[in-house]
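K.L.:
3D, please:
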Amino acid sequence: MDRQAWLAERRAAVAAAYDAEAAAYDQHEYPSDMQREWVARVLGLIEPGGIVLDAPCGTGKYFPVIAEAGHRVAGVDASAGMLAQAASRGVAVSLVQVALQDLSYVHQFDAGITVDAMENIPPEDWPLVLANLHQAVRPGGPIYLTVEEVGQSEVDRAFEIMSAHGLPADYRRCGVRSSRAMSLATTTIRAVTKRSNGLGTKAWRSLMRASGGETGGAIVTSCCAQTDDRYHGHAAPHRGHGCELTDPGQTGGASASRVWCEVVASGMVVDAFGAEAERLAEVALGAGEAAFSRVSPCPPWTVGELLCHVRIGVSRMPGMLGEPEPLPGPLVAAACYYRPGRRFSPAVNNDRIAAAQQEAAALASGWAMAGSFDQAWRESWALVQQAPQARVVRTRHGDRMLLTEFLRTRVLEMAVHGLDLAAGLRRQPWMTDAATRVVEDLILPAETASQLSAESGWDHPTLIAKATGRLPLSPAETTLLERHSLRRLSLR
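P.N.:
Presented below is the predicted three-dimensional model:
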């Protein structure tokens, strides 16, 4: 059976089951005091009179809690029967029948709650749902999300039963490394919102274990952690601390691995892209013609050829956004984009070298190269600012990525190659604070960069230069970076 067809059937069956249970649903001992407490904490984070998205709202169990706290509530649910029960409460300002995968709100709510729903979402749809929830809430707004966990043996048993019945329980879609290949899908997804207007930020983090089938006897768990306007998330249980992938082209159980998907505060990444590109363009446009012919720290490129390489990288967005959005599938995080493999093979690197050299030769002058970069980044930035936050693109290497995750790779490459260009131009680095944050969050665990800078005595551009091989490391410095779990990315 085709997995997508099966998932569509399961989605319809879940909605039908809730329709059938709706009239008697409130007779259950639910919600627990713990859930009420967490919802109350969320409501305490927003200004009085705010509007809260309850998605999915079910029968509206939390509507009175939200109203009593002085807020308005809007509910969505895939079940018409549940919405009918919710409407009978006479509390919600709006009720819409829609699935979490199909939410299309943009910054309309001050907060969101998603309680006991993600167990009905297949693993491959998690990034989409988290992106939809993030987009629905205004920047700075908290999202409370819960996930049910079941024991390993129960998940294994569910998988065995489904496999025996020929059902397509394919766990390679969002990965796992387990003693039994494809026996468990574990996805950690973090929803991070950005600090705005002094309200603070909450990152609600949960660990999901999903078999794709029936799960009963689950224990509800949830946690929250205060963050600033940087990206913070769950610490990974392996050294890479961000993402571990095998070649997506591989098949078979042995290829399965763990994927850490992220929904990021896209406005911050867009701002970092614009700030770093504008600064680089300003420097390049002000450089003398002779500077572009100097040898760069990235042989065999000259400074001008290196600038052309960066231009090629930032100019990819118009082509990506001009294509239809790719079909649903696994998402690749920014750190995973730099995983070792064919894309950084000698042959592909030789193609990169040749492309930059050919462009530089065609443009002929340093002024033309700088002008071409300035035009390219502005065109890309304008398109990115208009794109939906949940927009998914496909890279030239075949990766399916959130646009903001791909944009993080562009910020990193401008910032790191900016260090190379600064050396070639014989001037001090100009890395912007916004780009520094994006790069540090890609190569180091949350809240590590400042501590590492304090211990080493490096400023942040020097830290990044050391961490990316732009400056030499002593044995002690290498040990220091290892102790702080530096993520080493495959960079040209």
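
K.L.:
now the end-to-end length of stretch 57-76.
P.N.:
6 Å (CA to CA, to the nearest Å).

K.L.:
ok now do residue 366, which residues does it touch?
P.N.:
Residue 366 is in contact with 284, 287, 288, 289, 291, 292, 293, 304, counting by CB atoms under 8 Å, 6 or more residues apart in numbering. For every residue, glycine as well, the C-beta is placed using N, CA and C.

K.L.:
if you set the cut-off to 10 Å instead, what comes out?
P.N.:
Residues near residue 366 by CB atoms under 10 Å, 6 or more residues apart in numbering: 284-285, 287-293, 302-304, 307, 360.

K.L.:
Return the closest of those residues with respect to residue 351.
P.N.:
Among the contacts of residue 366, residue 360 lies closest to residue 351 (CB to CB), at 15.1 Å.

K.L.:
Quick check: the closest one touching residue 305?
P.N.:
Yes: with contact defined as CB atoms under 10 Å, residue 360 and residue 305 form a contacting pair (4.4 Å).

K.L.:
re the thing from before, who wins on neighbours among the contacts of residue 366?
P.N.:
residue 307 (32 neighbours; other CB atoms under 10 Å).

K.L.:
how near is it to residue 421?
P.N.:
7 Å (CB to CB, to the nearest Å).

K.L.:
could you pull out the helices for the stretch 51-200 of the chain?
P.N.:
Assigned by DSSP state H, counting those that start in this stretch, the helices in the stretch 51-200 of the chain fall at 63-68, 80-87, 126-136, 152-164.

K.L.:
winner for burial among these?
P.N.:
Mean neighbours per residue, mean count of other CB atoms under 10 Å, is largest over these for helix 126-136, with a mean of 24.

K.L.:
Give me the mean pLDDT for that helix.
P.N.:
For helix 126-136, mean pLDDT is 89.

K.L.:
follow-up on the earlier one: shared neighbours of residue 307 and residue 421, anything?
P.N.:
Counting by CB under 10 Å, 6+ apart, the residues touching both residue 307 and residue 421 are 280, 283, 284, 287, 296.

K.L.:
As a markdown table, those with pLDDT, secondary structure and distance to residue 143 would be great.
P.N.:
Formatted as a markdown table, the shared contacts of residue 307 and residue 421 follow (pLDDT from 0 to 100; DSSP: H, G, I helix; E, B strand; the rest coil; distance: CB to CB, whole Å):
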| residue | pLDDT | secondary structure | distance to residue 143 |
| --- | --- | --- | --- |
| 280 | 97 | helix | 34 |
| 283 | 96 | helix | 39 |
| 284 | 96 | helix | 40 |
| 287 | 95 | coil | 45 |
| 296 | 96 | coil | 44 |
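
K.L.:
Name the nearest of the residues you listed relative to residue 438.
P.N.:
residue 280 (14.3 Å).

K.L.:
How about the contacts made by the closest one?
P.N.:
Neighbour list for residue 280: 307, 310-311, 314, 370, 373-374, 377, 414-415, 417-418, 421-422, 430-432, 435 [criterion: CB under 10 Å, 6+ apart].

K.L.:
List buried residues within the residues you listed.
P.N.:
Buried members of those, counted by 16 or more other CB atoms under 10 Å: 307, 310-311, 314, 370, 373-374, 377, 414-415, 417-418, 421-422, 430-432, 435.

K.L.:
Inside helices: which ones of those?
P.N.:
Of the buried ones among the contacts of residue 280, the ones assigned to helices by DSSP state H are 307, 310-311, 314, 370, 373-374, 377, 414-415, 417-418, 421-422, 435.

K.L.:
Tell me which two in those residues are the farthest apart.
P.N.:
Spanning the widest gap among these are 370 and 435, at 18.7 Å by CB to CB.

K.L.:
helix/strand/coil for the residue located most distally from the centre of the chain?
P.N.:
Most distant residue from the mean C-alpha position of the chain: residue 290, 41.3 Å away (CA atoms, centre = their mean). Per DSSP: H, G, I helix; E, B strand; the rest coil, the local secondary structure of residue 290 is helix.

K.L.:
Tell me who's in contact with it.
P.N.:
Taking CB under 10 Å, 6+ apart as the contact definition, residue 290 lies against 303, 366.

K.L.:
and the gap between it and residue 302?
P.N.:
As for residue 290, its distance to residue 302 is 11 Å (criterion: CB to CB).

K.L.:
which among the shared contacts of residue 307 and residue 421 gets closest to residue 16?
P.N.:
When the shared contacts of residue 307 and residue 421 are compared against residue 16 (criterion: CB to CB), the nearest one is residue 280, at 55.2 Å.

K.L.:
What separation do you get for the closest one and residue 320?
P.N.:
Applying CB to CB to residue 280 and residue 320 gives a distance of 21 Å.

K.L.:
Residue 47 too?
P.N.:
Distance from residue 47 to residue 320, counting by CB to CB: 38 Å.

K.L.:
Neighbour count for those two, which is higher?
P.N.:
Neighbours were counted for residue 47 and for residue 320 using other CB under 10 Å; residue 320 has more, 22 against 10.

K.L.:
Thought residue 143 was touching residue 134, still the case?
P.N.:
Yes: assessed by CB under 10 Å, residue 134 is found in contact with residue 143 at 7.1 Å.

K.L.:
so what's residue 105 up against?
P.N.:
Counting by CB under 10 Å, 6+ apart, residue 105 has contacts 53, 55, 74, 76, 96, 98, 112, 132, 133, 135, 136, 137.
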